[in-house]
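**Q** A predicted structure for the sequence below; I have some questions about it.
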Amino acid sequence: MGFRIVVLNIWFDVLLFLLGYGEASTHWVVTEDGKIQSQMDSVFSLKRPYDLMALMQQEQRAVLVEDLKQQLMAQKEDIDLREDKETNLEDKIYSTDVDCIIAGKPLTEFDLYFSTVILFDSKDLSVNDCMKEMSMKEKNKKPNCTEIIELDFSMNAFEHLTGVRNRHNLSMSAEEGLLQTVSSGVDIEEFGNAVNEAMKKNKTSWMLFNLATYYWREKGDANNAIECLRRALHFSPREHKDIALISLGNVLHRAHFSEEAAVVVRAAIDVDLDNAISHYTLGIIYAVLADYNKSVESFENALKVQPDFKNVEQHLHAVLCHSKVEKALETQHSSLQRTLSELRDYRKQHELWLKQQEQLLSEQAPPEVKLVQRLEYEEQKIRESLDGRGQDCIQFEQSGHTVLSCNMRREAYHQGTQAQVDLNLNLQLIQAVESHAGQLGQKVADQCHRS
Ligand SMILES: *[C@@H]1O[C@H](CO)[C@@H](O)[C@H](O)[C@H]1NC(C)=O
Ligand SMILES: *[C@@H]1O[C@H](CO)[C@@H](O)[C@H](O)[C@H]1NC(C)=O
Ligand SMILES: *[C@@H]1O[C@H](CO)[C@@H](O)[C@H](O)[C@H]1NC(C)=O
Ligand SMILES: *[C@@H]1O[C@H](CO)[C@@H](O)[C@H](O)[C@H]1NC(C)=O
């Protein structure tokens, strides 16, 4: 029996050497009273120690298991090094990026639906000219543009836009306070009535139609606002069409037809390239449309026209900041997706590894058999050593005892419990990454498609 074990171990040495494991060795010690202090749990102590084929298969299996383990460890390291675990990426950018700091708050906290208006005053036009005959005492009539003059179709009224075509069922939020900007101190109903009276007297006044629009914008009535605007556009001289166009842009934007609002506001800029309000309005609309480059460009144009335009600067930095945050989140999200698929792949490999390892262990001899085998083997080694034939054993004195110390091949394949714990940690990561990637995907989608 002892002889057979030795033969097997020689075979083992040869195989290990061929496979590059030959140099590994471990130190084990046998004390005078025969106590063995070494790991003796080898996967090569087979159930059928006489079966050479089984031994070779076991060797192949052991190599495969070791390869898998190395792969898993490399993969784990790679995944652990990935820089996509930052959970506070957004906050980090907000607190460190220059644009974010200047903006003072995230773009999402800005009101991107505020009212803009081109005042008559800014064009050296006077509201008083058309308002002088208005009676400000009554408030029973609203400015009814459709009643003043019929207008089925106008080449100038952007009739092709969906928002304009479907004006009957458009809904917009009320632009409270707008009228105070246009004509401070005025009572809205008195104003409406007066505009209506004036319109009755001059049925083709583009200025009055614009004033009537302000009444309906303040009320949040998109249909009537657009009816008045169609007429304002129809009768406006070319150089003043931007007044009505900016109004139409505001109405469409508030009715969530922001793309069409951009079309209309671009037309306003064509009319007057030097109006900062138009560029500003367009910048805001592009920000809502998540077209950050064009938004920034529009804000820069507004600042070219009017360098001291304070709000524009803040919005400009907010958009620059936001586009950086969004880009970073998108990058992180796609990195997480990649990590996730690698983790899934990892899980599969890990299962394979466990299965192979299980088989590897199942081919082993039961512990009590191994113990017997090992003791016999060691006895044999000691006998050889005492005969002077054991090459790698030395005998020495320690604490008054004679100690025999031998080198033997390292058991390359121990039970994989330690590695298993390490590798298993990663599986929990899958759930964390999965949920993080999911949340982030939602966040990116929200950021991109908010309107
Ligand atoms: C405007 O006048 C038309 C025709 O008289 C009427 O049908 C419509 O209801 C009026 N609109 C408003 C807002 O008063
Ligand atoms: C508005 O009206 C148009 C046509 O009249 C219709 O196609 C559209 O679905 C309506 N929209 C809403 C929100 O009711
Ligand atoms: C009507 O108003 C327009 C501009 O508001 C003006 O140019 C025109 O002269 C006015 N017409 C009359 C008859 O008052
Ligand atoms: C925005 O501008 C940046 C830098 O100029 C460029 O890299 C990027 O492709 C642009 N994005 C779009 C959507 O045009």
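**A** On my side now, so go ahead. Ligands and ions are numbered 1, 2, ... in the order given.

**Q** Any residues of the protein in contact with ligand 1? List them.
**A** With C-beta under 6 Å from any ligand atom as the criterion, the chain meets ligand 1 at residues Lys142, Asn144, Thr146, Glu147, Asn224. Every residue, glycine included, has its C-beta placed from N, CA and C.

**Q** Next one: the second one from Ser435, what distance?
**A** So that's Asn144. For Asn144, the distance to Ser435 (C-beta to C-beta, to the nearest Å) stands at 57 Å.

**Q** and the two? which has more neighbours close in?
**A** In terms of neighbours (other C-beta atoms under 10 Å), Asn144 is the more surrounded of Asn144 and Ser435; the figures are 16 against 10.

**Q** Which of the helices or strands spans the closest residue to Glu176 other than its chain neighbours?
**A** Counting by C-beta to C-beta, 6 or more residues apart in numbering, Glu218 is the residue found nearest to Glu176 once chain neighbours are left out, at 6.7 Å. Glu218 belongs to helix 206-219 when assigned by DSSP states H and E.

**Q** I'd like the distance from that helix to the chain centre, please.
**A** Here the centre of helix 206-219 is set off from its chain's centre by 44 Å, with C-alpha atoms, centre = their mean, to the nearest Å.

**Q** Check what contacts the following helix or strand past that helix and list those residues.
**A** Next along the chain after helix 206-219, taking DSSP H and E as the criterion, comes helix 222-235. Contact partners of helix 222-235, identified using C-beta atoms under 8 Å, 6 or more residues apart in numbering, comprise 142-146, 148-149, 151, 154, 156-159, 163-164, 167-172, 204-206, 209-210, 212-213, 216-217, 241, 243-245, 247-248, 251, 254-255.

**Q** and those residues, which of them are in helices?
**A** Secondary structure assignment by DSSP state H places 145-146, 148, 163-164, 206, 209-210, 212-213, 216-217, 241, 243-245, 247-248, 251, 254 of those in helices.

**Q** For the residue nearest to Tyr214 when sequence neighbours are not counted, grab the count of nearby residues.
**A** Of all residues not flanking Tyr214 in the chain, Val182 sits nearest, at 5.2 Å (C-beta to C-beta, 6+ apart). Val182 is flanked by 19 other residues according to other C-beta under 10 Å.

**Q** Please tell me how far Val182 sits from Lys241.
**A** Distance, Val182 to Lys241, using C-beta to C-beta: 18 Å.

**Q** Check the spatially most central residue of the chain and give its pLDDT.
**A** Centroid-nearest residue in the chain: Leu329, 3.3 Å away (criterion: C-alpha atoms, centre = their mean). For Leu329, the pLDDT comes out at 90.

**Q** Now it: which helix or strand?
**A** Going by DSSP H and E, Leu329 is in helix 310-362.

**Q** go on, Gly438?
**A** Here Gly438 sits within helix 417-449, counting by DSSP H and E.

**Q** How many residues are close by the residue in the chain that ligand 3 sits nearest to?
**A** Proximity of the chain to ligand 3 (C-beta to the nearest ligand atom) peaks at Ser205, 3.2 Å away. Residues lying near Ser205 (other C-beta under 10 Å) number 20.

**Q** swap in Ala276?
**A** Neighbours around Ala276, by other C-beta under 10 Å: 19.

**Q** Then Phe114?
**A** Number of residues near Phe114 (other C-beta under 10 Å) recorded here: 14.

**Q** Quick check: which element contains it?
**A** Per DSSP H and E, Phe114 falls between elements, in no helix or strand.
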